[in-house]
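**Student:** Based on what follows, work out the 3D shape:
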Amino acid sequence: MLTYRIGIDVGGTFPDVVGIASDGSQTLAKAASTPADQSEGVVNGLANLAKALGLDLATLLGRTERIVHGTTVATNALLEKKGARLALLTTEGHRDVIEMREGLKPERYNMRMPAPAPLVPRRLRLPVAERLRADGSVLTPLDPASLAAAIEAAKAEGVEAVAIAFLHAWAQPVHENQAAEAVRAALPGVFVTTSAEVLPQIKEFERFSTTAVNAYVGPVVSRYLAKLAGRLEGAGYAGPLFVILSHGGIAPVEEAARLAVGTALSGPAGGVAAAVALAKEGLGQDLITFDMGGTSTDIALVVGGEAALGRGREVGGERIALESLDIVTLGAGGGSIGHLGPGGTLQVGPRSAGAVPGPACYGQGGTEPTVTDANLVLGYLDPANFLGGAKTLDLEAAQAAVARLAAQLGIPPLDCAAGIHALVNARMADGVRVATVRRGVDPRDSALLAFGGAAGLHATAVARELGLKRAAVPLFAAGLSAWGMLHTDLRYELAQSAVGAGGIPADAELRRLFDSLESQGRSRMAGWYQGEVTARRSADMRYGEQVFEIAVPLDGIAWDGPDLAGQLRAAFHARHRALFTYDLPEEEVVLVNARVAVVGALPMGEAARREGASGPAAPLGTRRIAIDGMVQEAPVFGFDALAAGQEIAGPALIESATTTVLLRPGDAARMDGRGWLDIALT
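**Tutor:** Numbering: from 1, shown residues only. Purely as a prediction, here's the structure:
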């Protein structure tokens, strides 16, 4: 009897559900997005997966070993400002830290830009009399009367969540713990979080902001995950439910609810995890991920087979300082709307038709021309074979929408459609430059890994604009993010600031600091998982006169060897030299934050592979397409039918039930037996 592992990625238009069976076979199903309640769309997607496998839902779930889920609930709450009503308890005299930010506006030279509205209004930023010194010693004991008054004020406002962020709590959580205990006793059912458990690091604004965001999205995420778990249980699932977090690892649903801010990049993280898995399969060690869906495009780097991580991201204008995958997100997708910009010029996005009403061709009331409508008008999509024939696209509605915009521009409709297609390609190429060139990486040294339902139609044009020589589209392109969630491990991140009088602590203190973090992580992991556990250590370090630190991997450090502090200094100099081409050996080196990632290795399935096709597949037919200013007949191939090693020259279309790949003139594609279309660009 086959058993299954299931990955679920909730996107803006279609939740993707991937099932990997114990024999290695893989199946993708989709369902319509249900923005009002994502759990409904998830269960619908699972039902469609069961149908595709010839099973009923209860039987499928009964045979499922684990489910891994990527959710956009936290992201949507931040973008739409629909999180919880929250209060912030903070040290007396410091209630305005999250409003003053770092003294800078997001666009510091924009004199007309208003200051960002703080997540917590001032009347709900409640001062508490207490004070710790920077070394964690108590300067002013926590005043019970002041704390009680703050709690009473929060209760009177009917808050759903309370964030507690006291000055210097990163060094000593005693006052925050006492306050949290009092809040939980006085306000049962209210979501309570402290900065010491969310981000025990220096930099008060980042710590205050991240803690406030966790409280803001915590109730929303907790309710959603509880509802999803209940729906799954009611449908017959009794196994573990995991959530992929922003750093690319997964955690049990209880941990995701506790540290809800860690799910802010949950969905896109699955695609990066897939890229790392495919790099191990031989796709290439240096990849640029290009995940184009219905509403947005996510871009990230894999360098040397490892995903790039970063900190200090903003989502919906709110600073989140947790370690996360370094993903650039653009408002450019299949649903991006073409419209007139200033001066009557053609523009595309960032406004999107979303899932409802969606593009005009969806027949759900949309009337504005989108990228999907333009691709349909250009002949790149088959109106009778969308989602494997499960949905028919309305070509006439798409043509009418494009024609209305073309009339405003005074150009032929076909030229308008081509313009929409070209403009969105240019926007996405700019996004890749942000993720690469602005980070000191030459994109021409990497291959473009294109996935998501819409990426195949744009991949080679974007790659060409960047000067890349190679692109790849996996057979499972439309569901690769969900697939990637099944190819990553349990992960628990810990960090602790270590700034002191000296640049780097003595060897004994260094060992104690990192050993303590690893011990805490292994203890937490033991409650989740009984298999193999490893720990990776790193540090945030800087030169003494620098303002910002850099992340330094410590994989090669001999922790029991002599001169441990000297080893850390040497590692920092080497990392600084690699990033900035120089180092300053005579300068003081400062250890800012110690970091440990504890990883529980889960059994992985095989990479997505092509099935069947003993010989080269013949074209299914031809279709008239408009490309490079010409209308011509292009052969259409079935993606699933391609044989390993089969080569196809552009122009051509390669279709599966969930994605279409456009090969342009000069593109030479080869079907790799390991599961992806390898495209050489000339």
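
**Student:** How confident is the prediction for Glu606, by pLDDT?
**Tutor:** At Glu606, the model reports a pLDDT of 53.

**Student:** can you confirm Val636 is in a strand?
**Tutor:** Yes: assessed by DSSP: H, G, I helix; E, B strand; the rest coil, Val636 belongs to a strand.

**Student:** Surely it touches Leu620?
**Tutor:** Yes: assessed by CB atoms under 8 Å, Val636 is found in contact with Leu620 at 5.0 Å. Heads up, the C-betas are built off the backbone N, CA and C, glycines and all.

**Student:** Need the overlap of contacts for those two.
**Tutor:** Common neighbours of Val636 and Leu620 (criterion: CB atoms under 8 Å, 6 or more residues apart in numbering): Glu655.

**Student:** Now the residue lying closest to Ala652 once chain neighbours are set aside, what are its backbone angles?
**Tutor:** Among residues not flanking Ala652 along the chain, Leu663 sits closest, at 4.5 Å (CB to CB, 6 or more residues apart in numbering). Note on Leu663: backbone dihedrals following degrees, to the nearest 10 are phi -100, psi 120.

**Student:** Please name the residues that touch Leu663.
**Tutor:** Thr460, Ile648, Ala649, Gly650, Pro651, Ala652, Leu653, Ile654, Ala669, Ile679.

**Student:** repeat for Cys361
**Tutor:** With CB under 8 Å, 6+ apart, Cys361 has these contacts: Thr372, Asp373, Leu376, Pro383, Leu393, Asp394, Leu395, Ala397, Ala398, Ala401.

**Student:** rewinding a little: among the contacts of Leu663, which ones are buried?
**Tutor:** For the contacts of Leu663, a burial check counting by 16 or more other CB atoms under 10 Å picks out Thr460, Ile648, Gly650, Pro651, Ala652, Leu653, Ile654, Ala669, Ile679.

**Student:** Assign the first one to one of the three secondary structure states.
**Tutor:** Of the three states, Thr460 takes helix according to three-state DSSP.

**Student:** what about the residue nearest to Ala652, distance to Asp628?
**Tutor:** Leu663 sits 12 Å away from Asp628, going by CB to CB, to the nearest Å.

**Student:** For Pro141, give me its contacts.
**Tutor:** Glu130.

**Student:** What helix or strand is the residue lying closest to Ile557 once chain neighbours are set aside located in?
**Tutor:** Leaving aside its chain neighbours, Ile557 sits nearest to Gln567 (5.1 Å; criterion: CB to CB, 6+ apart). According to DSSP states H and E, Gln567 maps onto helix 564-580.

**Student:** Residues contacting that helix, please?
**Tutor:** With CB under 8 Å, 6+ apart as the test, helix 564-580 has contacts from 440, 504-507, 510-511, 539, 541, 543, 550-554, 556-558, 561, 582-585, 589, 591.

**Student:** any idea which residue sits dead centre in this structure?
**Tutor:** Pro268 (2.9 Å; CA atoms, centre = their mean).

**Student:** okay, how far is it across stretch 520-531, tip to tip?
**Tutor:** Terminal residues of stretch 520-531 are spaced 17 Å apart (CA to CA, to the nearest Å).

**Student:** Show me which positions of that stretch end up buried.
**Tutor:** Gly521, Arg522, Met525, Trp528, Tyr529.

**Student:** quick one: which two of the contacts of Cys361 are the most distant?
**Tutor:** Pro383 and Ala401 (14.0 Å; CB to CB).
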